[in-house]
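> here is a sequence with its predicted model. Questions after.
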Amino acid sequence: MRKFLGLPAVATVLVAAVALAGCGSATGPSDADVTGETREIVHAMGTTLVPAQPKRVVVLDTDKMDTALTLGVKPVGAARAGELTGWPTYFGPDATQGITEVGTLQEPNLEAIAALAPDLILGSKFRQEKYYDELSKIAPTVFTENVGKPWKENFLLDGEALGKGKEARDLLAAYEARAKALGAKLGDAAALKVSVVRFMPTEIRMYGPESFCGIVLADVGVGRPERQLLADKEDRRFDRISPERVSEADGDVIFVTAYGEKAAAEQAKVTAGPLWQSLRAVREGRVHVVPDETWMTGIGVTAAGKILDDLEKYLAR
């Protein structure tokens with residue numbers, strides 16, 4: 001097995017499972033016709049033949065948007081997160097210009113996707129499993145298993161599907177090296193207990209060690225409040241708290257995001273209240289509002305790099 005230095009073992013195994021071929025037949029359920037040079041990609045739904053160099057890509061999750069743009073591929077179409085309008089801004093104003101919206105993450109618009117004549121569709125079993133057969137009839141479709149926790153493995157798999165496997169491996173290794181170096185640079189600041197709070201339209205979440213941002217924090221080596229380690233939870237991505245329990249969100253430093261306009265209104269209401277104002281991090285002026293699109297919905301190498309930027313900005317002394 002070929003190994004890639006600096007990558008987690010599970011990612012190495014995943015990449016090794018991607019078999020490259022000339023023109024062969026896929027063993028998975030994809031019914032789309034593929035011509036020219038192709039490769040076989042093993043993924044969450046089986047094995048699919050994809051073009052060697054896809055030109056018209058549709059992405060159905062926010063992590064796939066980050067991955068495609070990070071690797072220099074502008075999708076022709078993309079599904080959007082339900083509470084958001086427009087595309088990510090952290091790639092710059094021109095990066096997403098001309099991308100067509102094709103429904104939401106939970107309900108992709110099949111007619112809009114077909115109208116774009118894609119040659120590759122990237123999605124996730126977690127969100128779009130019930131659409132897979134129909135999508136596969138439109139174009140070769142590759143699904144990752146889940147979102148969030150396996151973001152590095154997903155980045156590598158999607159990179160292979162896009163014909164950018166080496167670039168993906170190099171970029172992930174560079175991110176991991178930078179995260180490690182930042183941890184060393186922070187020194188004692190890395191011992192700070194960093195809390196992450198996200199306001200949703202109908203709830204408040206604290207993010208744990210198996211969330212996207214939680215993994216980035218762990219890569220840097222910063223501490224977390226014991227409450228946010230979620231050691232007693234089966235799902236260690238996040239836990240919900242009510243406005244009456246915001247004291248549980250305290251830490252040495254708190255990073256705060258809001259998912260959409262309704263959530264931002266709830267954030268303003270809660271953070272103006274006496275319970276939030278009594279938090280130690282609030283009293284000491286160590287609360288930082290950061291972009292939801294990088295800390296939460298980006299779920300890719302470029303978004304992770306933006307989190308590192310924020311950690312360096314707010315934690316370095």
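Perfect, I can see it now.

> report the buried residues of stretch 36-43.
T38, R39, E40, I41, V42, H43 (16 or more other CB atoms under 10 Å). In this view, the C-beta of every residue, glycine as well, is placed from N, C-alpha and C.

> surely the second one touches L162?
Right, the one you point to is R39. No: with contact defined as CB atoms under 8 Å, R39 does not count as touching L162 (10.6 Å).

> coming back round to it: and which of the buried residues of stretch 36-43 is nearest L157?
H43 (6.3 Å; CB to CB).

> for W151, see how far away that closest one is.
Distance, H43 to W151, using CB to CB, to the nearest Å: 15 Å.

> circling back: and the buried residues of stretch 36-43 as JSON lines, adding secondary structure?
Output for the buried residues of stretch 36-43, formatted as JSON lines (DSSP: H, G, I helix; E, B strand; the rest coil):
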{"residue": "T38", "secondary structure": "strand"}
{"residue": "R39", "secondary structure": "strand"}
{"residue": "E40", "secondary structure": "strand"}
{"residue": "I41", "secondary structure": "strand"}
{"residue": "V42", "secondary structure": "strand"}
{"residue": "H43", "secondary structure": "strand"}
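
> closest one to L308 out of those residues, please.
Using CB to CB, the buried residues of stretch 36-43 come closest to L308 at H43, 28.5 Å.

> who does that closest one form a beta bridge with?
G46 (DSSP bridges).

> now the longest helix seen in the chain, how far from the centre of its chain.
As assigned by DSSP state H, the longest helix anywhere in the chain is helix 165-186. Between the centre of helix 165-186 and the centre of its chain there are 16 Å (CA atoms, centre = their mean, to the nearest Å).

> cool, and stretch 234-243?
Using CA atoms, centre = their mean, the offset of stretch 234-243 from its chain centre is 18 Å.

> for that stretch, output the C-alpha coordinates as PDB.
Extracted in PDB, the C-alpha atoms of stretch 234-243 (Å, rounded to 0.1, in the frame of the first residue of the first chain):
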ATOM      1  CA  GLU A 234     -22.500   9.000  21.800                       C
ATOM      2  CA  ASP A 235     -22.600  11.900  19.400                       C
ATOM      3  CA  ARG A 236     -19.600  14.100  20.300                       C
ATOM      4  CA  ARG A 237     -20.200  16.700  17.600                       C
ATOM      5  CA  PHE A 238     -22.300  19.100  19.600                       C
ATOM      6  CA  ASP A 239     -24.800  19.300  22.500                       C
ATOM      7  CA  ARG A 240     -27.800  21.600  22.900                       C
ATOM      8  CA  ILE A 241     -28.400  24.000  25.700                       C
ATOM      9  CA  SER A 242     -31.300  26.400  26.400                       C
ATOM     10  CA  PRO A 243     -30.900  30.100  27.000                       C
END
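
> average pLDDT for that stretch?
Stretch 234-243 shows a mean pLDDT of 93.

> buried residues, that stretch. List them.
R236, R237, F238, D239, I241.

> from those, pick the one nearest A52.
R237 (35.2 Å).

> count of residues packed around the residue nearest to that closest one when sequence neighbours are not counted?
Distance criterion CB to CB, 6 or more residues apart in numbering; nearest residue to R237, sequence neighbours excluded, is S211 at 4.4 Å. As a burial measure, S211 scores 26 neighbours (other CB atoms under 10 Å).

> from V256, how far out is S211?
15 Å.

> K74 now?
From K74 to V256 the distance is 31 Å (CB to CB).

> who's more crowded, the two?
Between K74 and V256, counting by other CB under 10 Å, V256 is the more crowded of the two (21 against 16).

> these two touch, right, the more buried one and P291?
No: with contact defined as CB under 8 Å, V256 does not count as touching P291 (10.7 Å).

> what sits in contact with each of these two?
Shared contacts of V256 and P291 (CB atoms under 8 Å, 6 or more residues apart in numbering): none.

> burial count for the residue lying closest to D310 once chain neighbours are set aside?
In this structure, D310 finds its nearest non-sequential neighbour in V290, 5.2 Å apart by CB to CB, 6+ apart. Counted with other CB under 10 Å, residues neighbouring V290 total 20.

> can you check A316 too?
Residues near A316, counting by other CB under 10 Å: 11.

> just to revisit the earlier point, what's the separation between the residue nearest to R237 and L122?
21 Å.

> mind showing which ranges of this protein have poor pLDDT?
1-35 (pLDDT under 70).

> how far does stretch 103-120 sit from its chain's centre?
20 Å.

> and the contacts of it?
Residues contacting stretch 103-120 (CB under 8 Å, 6+ apart): 34, 50-51, 54-58, 60-62, 76-77, 79-82, 100-102, 121, 123, 127-128, 131, 134-135, 138-142, 161-162.

> also stretch 256-267?
In contact with stretch 256-267 (CB under 8 Å, 6+ apart) are residues 81, 83-84, 196-201, 204, 271, 287-292, 295-297.

> per-domain residue ranges of the chain.
Following automatic domain parsing, the chain resolves into domains at 9-163, 183-315.

> now render those domains as CSV, adding distance to A177.
Conversion of the domains of the chain to CSV gives the following (distance: least, CB to CB, whole Å):
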stretch, distance to A177
domain 9-163, 14
domain 183-315, 10
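
> nothing else from me, thank you.
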